[in-house]
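[1] what shape does this take:
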Amino acid sequence: TMMIEMIEWINFIILVISTFLFLYFYVLSVSPAQLEEKIGESAYPKCRTYRLIAGCFEAVTVANYLIYYFYPIPIGVPLTFPWEWWISIGIGMIIFVPSMYLMYLGIKDAGEEALTPKKEHTLYTGIYETIRHPQAIGEAFLWFPIALWLNSPFLALYSFVWIPVFYIMCLAEEKDLVTRYGESYVEYRSRVGFIIPRRAEK
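    I've put the predicted structure just below:
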């Protein structure tokens, strides 16, 4: 029993640490223009490395969610929702489909920049002419379907942590994009919605 409780708490602690390390490295990865001012053009490959490290920590948090299903921490939160599991699966799908579609459009229209920051890349088009951070919005909400499919109220509550995490990431990215593109990005920002779709005439 003591061993099981230890696994439960170690998994939870790793989840929290990995969440914040994901945020830390992702913020670094979306700041190539600011880093370039300090170290030159090697900032861009360095930021790609940061993006990969962030992705590794995000993968760890997904694993922590799965492990939590078998080893939930004993803090008095119900282990399952008070309804049938199929209802949780259905609600999860309702959130999952539009979130994945938004992410897909964001990745498609960002091209290589979705993983590799490039100095010569121009401002994005496509979905980015309607909303500035489709990938982040889609990804922030994908944690709720995972929690629902695992039928875990605690993980559903923890999933709210990802909303400020991705919001902070978006703010950090915007700061760097202003450094990188200057007035053209400021103009773009004035007419396209941050997280709520809005498209104004150029």
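
[2] show me where the protein has strands.
    For the chain, applying DSSP state E gives no strands.

[3] where do the helices sit along it?
    2-29, 32-39, 43-70, 85-110, 134-141, 143-149, 153-158, 162-181, 183-191 (DSSP state H).

[4] quick one: contacts for the residue nearest to Pro134 when sequence neighbours are not counted?
    If the residues on either side of it in the chain are set aside, Pro134 comes closest to Gly106, at 3.6 Å by C-beta to C-beta, 6 or more residues apart in numbering. In this view, the C-beta of every residue, glycine as well, is placed from N, C-alpha and C. Neighbouring residues of Gly106 by C-beta atoms under 8 Å, 6 or more residues apart in numbering: 114, 127-128, 133-136, 138.

[5] from Met3, how far off is Phe81?
    Separation of Phe81 from Met3 (C-beta to C-beta, to the nearest Å) stands at 28 Å.

[6] mind checking which of the helices of the chain is nearest Arg198?
    helix 183-191 (7.7 Å; C-beta to C-beta).

[7] quick one on the thing from earlier: more crowded one of Phe81 and Met3?
    Per other C-beta atoms under 10 Å, whichever of Phe81 and Met3 has more neighbours is Phe81, with 16 against 7.

[8] got any ranges where this structure has weak pLDDT?
    113-123, 199-202 (pLDDT under 70).

[9] okay, buried residues for stretch 36-44 please.
    36, 43-44 (16 or more other C-beta atoms under 10 Å).

[10] got those residues as TSV, with distance to Trp9 columns?
    Putting the buried residues of stretch 36-44 into TSV (distance: C-beta to C-beta, whole Å) gives the following:
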residue	distance to Trp9
Glu36	42
Ala43	39
Tyr44	40
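
[11] was I right about Val60 contacting Thr19?
    No - in this structure Val60 lies outside contact range of Thr19 using C-beta atoms under 8 Å: 9.2 Å.

[12] what's the neighbour count on the residue nearest to Asp176 when sequence neighbours are not counted?
    Distance criterion C-beta to C-beta, 6+ apart; nearest residue to Asp176, sequence neighbours excluded, is Ser31 at 4.6 Å. Neighbours of Ser31 under the rule other C-beta under 10 Å: 21.
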